[in-house]
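>>> Compute the structure for the input listed below.
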Amino acid sequence: MKIAFVVGSFPVISETFIINQIIGLIERGNTVDIYCMENGSVNDDVKVHPDVEKYQMLQFTHNQPIIPENYLWRFIKALGLIITNFHKSPLVILRSLNFFKYGKLAASLRLLYLTVRVLAFPNYEIIHCQFGTFALLAMILRNIGAIKGKLITTFRGYDISLFVKQNGEDVYNSLFTQGDFFLTNCEFFRNKAIKLGCEPHKIVVHGSGIDCSRFPLKVRYPHADHKIRIATTGRLIEKKGIEYAIRAVAQVIKIYPNIEYNIIGDGKLREELQQLIHTLQIADQVKILGWKTQPEIIEILDRTDIFIAPSVTAKDGNQDAPVNTLKEAMLMGLPVIATTHGGIPELVKDGISGFLVPERDAHAIAEKLTYLIEHPEIWPAMGQAGHTDVEKNYDINKLNDELMLIYRQVIHNDLSPQQPALVSSAVSGAGL
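Numbering: from 1, shown residues only. Okay, the predicted model is just below:
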């Protein structure tokens with residue numbers, strides 16, 4: 001199969017789910033091209049996932065063309081692109097300039113720049129868009145004939161929450177009509193997509209998988225030095241709710257000063273969170289470590305006792321699915337504290353594999369953290385339950401096999417409204 005992956009930036013170390021899918025497709029004999037729809041890369045790609053180099057992914061990654069800020073220079077450069085590429089596909093080039101139909105995207109010449117990039121590789125069997133926002137662009141590229149293939153969209157979080165709130169509930173109407181199939185990483189977002197107008201038989205849950213073999217199970221017991229080690233992994237943005245974990249830890253430190261809390265990640269709230277740590281006078285116990293590679297994260301989690309994932313619904317409406325960092329911690333046998341938020345209750349079974357607390361409730365996090373500290377005898381069973389659930393439901397090899405099945409069914413138009421179970425059965429075994 002020849003597959004186009006449409007993403008934002010690549011590689012992004014916090015988006016291992018994309019890397020895992022690409023690897024799975026390559027190992028199953030497919031050819032994959034990666035198309036980036038955003039300029040440059042985000043702040044958290046300073047460290048690169050080792051598999052990017054191992055599989056030489058940058059060799060088949062096509063970055064977004066550099067579009068000059070100066071419109072005159074952009075126009076002059078665009079003339080050069082038209083002259084050198086017009087003979088390849090005259091109608092496609094002309095359609096990319098149709099600002100009457102495509103508005104600002106065409107008038108800004110961005111559509112032309114994006115079109116020229118794909119003219120050399122126009123034919124795919126599958127065009128898989130990671131995030132609905134990029135699917136809207138891929139849909140237009142397909143409409144003008146710049147790229148061909150079945151259009152599959154995966155909704156993952158901000159694209160079905162924040163983006164919808166910002167742009168209106170009809171923002172995906174054309175995509176739901178023209179797109180061939182849709183995936184979500186949790187039932188919570190599938191239900192949202194259906195409410196927005198996606199036909200139920202055209203969308204299934206396909207979770208974000210991880211390589212379970214990389215996260216070894218370890219039975220957790222208190223350390224000989226009596227130190228309690230806690231960790232959180234995630235971008236330092238509002239929806240990760242890290243402020244509330246910091247405030248909770250500050251409460252518990254008053255009773256148990258032997259706490260060490262490591263926050264793995266970076267983002268725009270780093271200075272604000274660092275100031276909060278300073279204000280609460282807990283800088284000796286709470287550290288923001290910045291981004292780490294996957295092996296580094298595994299090493300930190302191996303020494304950790306309790307994991308906190310305090311996700312919240314951001315003020316702009318942004319929400320989380322069952323995040324991979326939480327799955328990784330559960331795989332390694334860590335008891336977890338998470339929030340009743342988005343798709344997370346589909347991952348964490350309250351009182352069995354971890355504890356769920358309300359969003360933005362530092363006191364509730366502190367209560368559960370105190371309970372776990374005072375009852376280390378429950379750590380092994382809770383960690384084993386989490387490990388078993390993640391291994392059963394989110395194993396990347398199983399999910400990549402299911403993704404291949406979905407691709408084949410989409411290619412063969414095996415998706416009639418009368419037979420929705422054909423695709424649904426592909427993921428039912430995953431318990432997602």
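>>> Low-confidence regions, the stretch 301-432 of the chain specifically.
415-432 (pLDDT under 70).
>>> which residues in it form strands?
306-309, 336-339, 354-357 (DSSP state E, counting those that start in this stretch).
>>> which residues in the stretch 101-250 of the chain form strands?
Going by DSSP E, counting those that start in this stretch, the stretch 101-250 of the chain shows strands at 123-130, 148-155, 181-184, 203-205, 228-233.
>>> What residues sit buried inside the second one?
By neighbour count, with 16 or more other Cβ atoms under 10 Å as the criterion, the buried positions of strand 148-155 are 149-155. All C-beta atoms are positioned from the backbone trio N, CA, C, and that covers glycine.
>>> wait, which of the residues you listed is closest to residue 18?
Distance to residue 18 across these (Cβ to Cβ) is lowest for residue 154, with 9.3 Å.
>>> quick one on the thing from earlier: could you point out which of the strands of the stretch 101-250 of the chain sits nearest residue 90?
strand 148-155 (16.8 Å).
>>> Walk me through which strands the closest one pairs with, and which way each runs.
Strands that pair with strand 148-155, judged by DSSP bridges, come out as strand 123-130 (parallel), strand 181-184 (parallel).
>>> okay, the ones you listed, which one's buried deepest?
strand 181-184 (a mean of 25; mean count of other Cβ atoms under 10 Å).
>>> Give me the contacts around that one.
150-156, 160, 176, 190, 192-193, 198, 202-206, 321, 406, 410, 415, 423 (Cβ atoms under 8 Å, 6 or more residues apart in numbering).
>>> what domains does the record give for the chain?
With domains defined by automatic domain parsing, the chain comprises 2-205, 213-393.
>>> Now render the strands of the stretch 301-432 of the chain as CSV, adding distance to residue 396 and mean neighbour count.
CSV is the format used below for these (distance: least, Cβ to Cβ, whole Å; neighbours: other Cβ atoms under 10 Å):
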stretch, distance to residue 396, mean neighbour count
strand 306-309, 20, 28
strand 336-339, 20, 26
strand 354-357, 21, 24
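>>> what pairs with residue 33 across the strands?
Counting by DSSP bridges, residue 33 is bridged to residue 4.
>>> And the closest residue to residue 169 other than its chain neighbours, how close does it get to residue 189?
In space, and not counting its chain neighbours, residue 169 is closest to residue 196: 5.7 Å by Cβ to Cβ, 6 or more residues apart in numbering. Using Cβ to Cβ, to the nearest Å, we find residue 196 at a distance of 10 Å from residue 189.
>>> wait, isn't residue 153 in contact with residue 178?
No: judged on Cβ atoms under 8 Å, residue 153 makes no contact with residue 178 at a distance of 10.4 Å.
>>> Could you report the neighbour count for residue 157?
Residues lying near residue 157 (other Cβ atoms under 10 Å) number 22.
>>> Local confidence estimate at it?
We have a pLDDT of 89 for residue 157.
>>> Next, the contact list for it, please.
Residue 157 neighbours (Cβ under 8 Å, 6+ apart): 185, 189, 318-321, 342.
>>> roughly how far apart are it and residue 148?
Separation of residue 157 from residue 148 (Cβ to Cβ): 29 Å.
>>> likewise residue 110?
Between residue 110 and residue 148 the computed distance is 21 Å (Cβ to Cβ).
>>> for residue 254, same thing?
Counting by Cβ to Cβ, the gap from residue 254 to residue 148 is 63 Å.
>>> so what's residue 330 closest to, chain neighbours aside?
residue 386 (3.3 Å).
>>> Please, which helix or strand holds residue 299?
Element membership for residue 299, per DSSP states H and E: helix 294-302.
>>> Over to residue 276?
Short version: residue 276 belongs to helix 270-279, going by DSSP H and E.
>>> Quick one: name whatever helix or strand follows that helix.
Following helix 270-279 toward the C-terminus (DSSP H and E): strand 286-290.
>>> Could you pull up the mean pLDDT of that following strand?
Mean predicted confidence for strand 286-290 is 97.
>>> how about the strands paired with strand 148-155 in a markdown table, adding mean pLDDT?
Below are the strands paired with strand 148-155 laid out as a markdown table (pLDDT from 0 to 100):
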| stretch | mean pLDDT |
| --- | --- |
| strand 123-130 | 96 |
| strand 181-184 | 96 |
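>>> Reformat the ones you listed as JSON lines; add distance to residue 313.
Putting these into JSON lines (distance: least, Cβ to Cβ, whole Å) gives the following:
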{"stretch": "strand 123-130", "distance to residue 313": "22"}
{"stretch": "strand 181-184", "distance to residue 313": "17"}
